[in-house]
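Undergrad: Show me the folded form of this:
(2 chains)
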Protein chains: 2
Amino acid sequence: MSKSVITVSRQFGSGGRTIGRLLSERLGVPFYDKELVQQVADETGLDTAFIEEKGELSPSKSFFSFAVSQSIPYMNNGLSISDFLFCAQRQVILKLAEQPCVIVGRCADSILRDRADCFNVFIHADMAFRVDRIVRLYGESEKKPEQRLADKDKKRKIYYKHYTDREWGDANNYDMCLNSGKIGIEKCVELILDAVRN
Amino acid sequence: MSKSVITVSRQFGSGGRTIGRLLSERLGVPFYDKELVQQVADETGLDTAFIEEKGELSPSKSFFSFAVSQSIPYMNNGLSISDFLFCAQRQVILKLAEQPCVIVGRCADSILRDRADCFNVFIHADMAFRVDRIVRLYGESEKKPEQRLADKDKKRKIYYKHYTDREWGDANNYDMCLNSGKIGIEKCVELILDAVRN
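TA: Predicted coordinates:
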């Protein structure tokens, strides 16, 4: 492939993760989403569940968890756990991106922004499409699906803004943004492949 | 084509207008950019040069021109000239979009947002690509090309925000956003055609 690394940012429920996985299968390159978590755990000694939760979402609204994350004088130069995790995750992403691969989320588009051989994708869809998709995939929960979507997107947006100083979902940050609800997940995969093989 | 109307929003110098024209040629449907101006002039009696200047840019910074545009008790229910022009332009766009076509700029994506058969595209590119392109196409001017680009984009952004209450360049407003500098203008045309024919 002419572009050796593809990053996929995505709204919750838009099918971005599925698109990333299909891209990696078609291109025969590794896929990193939750797969990245274990590597960060190995580097940092942090628990995988903690990394998965905090690795691309803004701190929880709970005052207690926020206070803890800010106040622990962590082993790494006094960084907060959030900042320490971001730095560790960044190092892992830079290392993984030495080989062709597909990386989902975790500000990878910004971390790799100076790489000319990196192709950055953003996947989004309207609320109705995403509601239908998360209910089918993850089932119902106490919280209404619209609220689950809004909460998760907001946390991703804040996390992205905090660590990159850019706007999540601003077209300028990506080479290709696609509305998976209108275009269809399979067609999104084809269009991205066509663009990166160009 | 399955999507009968394509709207193309674009950063100045990104090649969005060229992409729109090529799409219309390949699809054999009318292309409306400056072509729309004459129709708005016929509807409103306003001068074509005025419409071209004010039809998608925020009011000039000149206090005099701003004061004039706000204070003339225009024939149309006391609307300011800017608002009157937007309403007239909106009516023309709604009418044109009754037939398959390609429309560039003028908030057409927002005006036609409830149309399921409308496909909204945003074209952008990095500063170096756009500087090179506008200098080749339009030549040098007293103002530095970087400043010309920044000024025009800012005016389009303000105009769009004012009349649509949405953010210009936010991926959520479009079905497909493409970085023409990275993907190439011809490839952008192919990708959009592939998506709308889907």
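
Undergrad: Only C-alpha atoms from now on, for both contacts and neighbour counts.
TA: Noted.

Undergrad: Tell me the buried residues in the helix or strand that residue A:18 is a member of?
TA: Here residue A:18, judged by DSSP states H and E, is contained in helix A:16-27. For helix A:16-27, the neighbour count (16 or more other Cα atoms under 10 Å in any protein chain shown) marks A:16-17, A:19-24, A:27 as buried.

Undergrad: what sits up against stretch A:107-117?
TA: A:2-5, A:7-9, A:56, A:90, A:93-94, A:118, A:120, A:160, A:163-164, A:173-174 (Cα atoms under 8 Å, 6 or more residues apart in numbering or on different chains).

Undergrad: Please convert the buried members of those residues into ChimeraX selection syntax.
TA: Buried members of the contacts of stretch A:107-117, identified by 16+ other Cα under 10 Å, are gathered into one ChimeraX selection as follows:
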select /A:3,4,5,7,8,9,56,90,93,118,120,160,163,173,174
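
Undergrad: and the contacts of stretch A:107-117, which of them are in helices?
TA: Counted as lying in helices by DSSP state H, out of these, are A:90, A:93-94, A:160, A:163-164.

Undergrad: so which pair among these is furthest apart in space?
TA: Spatial extent of the ones in helices among the contacts of stretch A:107-117 (Cα to Cα) is set by the pair A:94 and A:160 at 17.2 Å.

Undergrad: So for the residue positioned nearest the centre of chain A, what's the nearest residue that isn't a sequence neighbour?
TA: Nearest to the mean C-alpha position of chain A, counting by Cα atoms, centre = their mean, stands residue A:105 at 1.2 Å. Nearest non-adjacent residue to residue A:105, counting by Cα to Cα, 6 or more residues apart in numbering or on different chains: residue A:9, 4.8 Å away.

Undergrad: repeat for residue A:161
TA: For residue A:161, the nearest residue in space outside its immediate sequence neighbours is residue A:167; the separation is 5.8 Å by Cα to Cα, 6+ apart.

Undergrad: re the thing from before, residues in contact with the residue nearest to the centre of chain A?
TA: A:7-10, A:33, A:56.

Undergrad: Can you tell me what sits against stretch A:86-98?
TA: Applying Cα under 8 Å, 6+ apart, the contact partners of stretch A:86-98 are A:5, A:36, A:39-40, A:43-44, A:55, A:106, A:108, A:111-112.

Undergrad: got JSON lines for those, with pLDDT too?
TA: Listed next are the contacts of stretch A:86-98 as JSON lines, based on pLDDT from 0 to 100:
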{"residue": "A:5", "pLDDT": "95"}
{"residue": "A:36", "pLDDT": "80"}
{"residue": "A:39", "pLDDT": "79"}
{"residue": "A:40", "pLDDT": "79"}
{"residue": "A:43", "pLDDT": "77"}
{"residue": "A:44", "pLDDT": "77"}
{"residue": "A:55", "pLDDT": "67"}
{"residue": "A:106", "pLDDT": "88"}
{"residue": "A:108", "pLDDT": "91"}
{"residue": "A:111", "pLDDT": "92"}
{"residue": "A:112", "pLDDT": "93"}
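
Undergrad: Go through those and give me the one with the most neighbours.
TA: The most crowded member of the contacts of stretch A:86-98, judged by other Cα atoms under 10 Å in any protein chain shown, is residue A:5 (27 neighbours).
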